[in-house]
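Peer 1: Show me how the following folds:
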Amino acid sequence: MTRSHIITALAVAAGVTLILVFAIGVQLTFAVGWGVLAGILTVCLRVGIPDEPRLDSPTITAGPERRGTAIARMAWSLNPTTGAAGALITRRVRDTLKRCLGRRDLDPDNPDDRAAIAALIDLDIWERLIGSGTTRHDIERALDAIDTLSRTKEKQ
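Peer 2: Numbers count the residues shown, from 1 in each chain. Next up, the predicted model:
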């Protein structure tokens, strides 16, 4: 609150008090009470909340050391309370798993490749990644499958 806010509130309070006492003719204590109320309302109206919350926040430049990484953004898309996995991490893991299967010339969207994929990983993992309601546990299972596929590809 600045000095101008206080001066304006005092001026409004004095003005309302004087109008009530001399123009309307009410008792002095009643007029002072209404004057104080008018001053308080003036302060409340002058101290406004900005429409955009970031207007009064400090500006911090985002250098390379403060830039968010893809891993951090994916970590924030996991809800630790409910265990739900966000679309960002689900899409990334699904694309990685599809790429790992593609290295073996398998497409999880192709019904003909389902049997070969089932021999490598649990098909339920893929179904959980393409459906809604993917959980952290599903992401962990898919990452384990990706790790297994990567290790077996390195051995060959």
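Peer 1: hey, let's count contacts and neighbours off CA atoms from now on
Peer 2: OK.
Peer 1: Quick one: list the elements packing against the helix or strand bottoming out on mean pLDDT in the chain.
Peer 2: Here the helix or strand of the chain ranked lowest by mean pLDDT, DSSP states H and E is helix 70-76, holding a mean of 75. Helices and strands touching helix 70-76, as assessed by 3 or more C-alpha pairs under 8 Å, 6 or more residues apart in numbering; DSSP states H and E, comprise helix 87-102.
Peer 1: Just the CA trace of the helix it packs on, in PDB.
Peer 2: Extracted in PDB, the C-alpha atoms of helix 87-102 (Å, rounded to 0.1, in the frame of the first residue of the first chain):
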ATOM      1  CA  ALA A  87      -0.200 -38.000 -22.000                       C
ATOM      2  CA  LEU A  88       3.300 -36.700 -22.400                       C
ATOM      3  CA  ILE A  89       5.100 -39.600 -20.800                       C
ATOM      4  CA  THR A  90       2.600 -42.200 -22.200                       C
ATOM      5  CA  ARG A  91       3.100 -41.000 -25.700                       C
ATOM      6  CA  ARG A  92       6.900 -40.900 -25.300                       C
ATOM      7  CA  VAL A  93       7.100 -44.400 -23.900                       C
ATOM      8  CA  ARG A  94       4.600 -45.800 -26.500                       C
ATOM      9  CA  ASP A  95       6.700 -44.300 -29.300                       C
ATOM     10  CA  THR A  96       9.900 -45.700 -27.800                       C
ATOM     11  CA  LEU A  97       8.400 -49.200 -27.500                       C
ATOM     12  CA  LYS A  98       7.100 -49.000 -31.000                       C
ATOM     13  CA  ARG A  99      10.500 -48.000 -32.300                       C
ATOM     14  CA  CYS A 100      12.100 -50.900 -30.400                       C
ATOM     15  CA  LEU A 101       9.600 -53.300 -31.900                       C
ATOM     16  CA  GLY A 102      10.100 -51.700 -35.300                       C
END
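Peer 1: packing partners for that helix?
Peer 2: helix 70-76, helix 123-130, helix 136-155.
Peer 1: What lies in contact with the shortest one?
Peer 2: Think helix 70-76. 86, 88-89 (C-alpha atoms under 8 Å, 6 or more residues apart in numbering).
Peer 1: One more pass at 7 Å, please.
Peer 2: With contact meaning C-alpha atoms under 7 Å, 6 or more residues apart in numbering, helix 70-76 is reached by 88-89.
Peer 1: Nice, that's everything, thank you.
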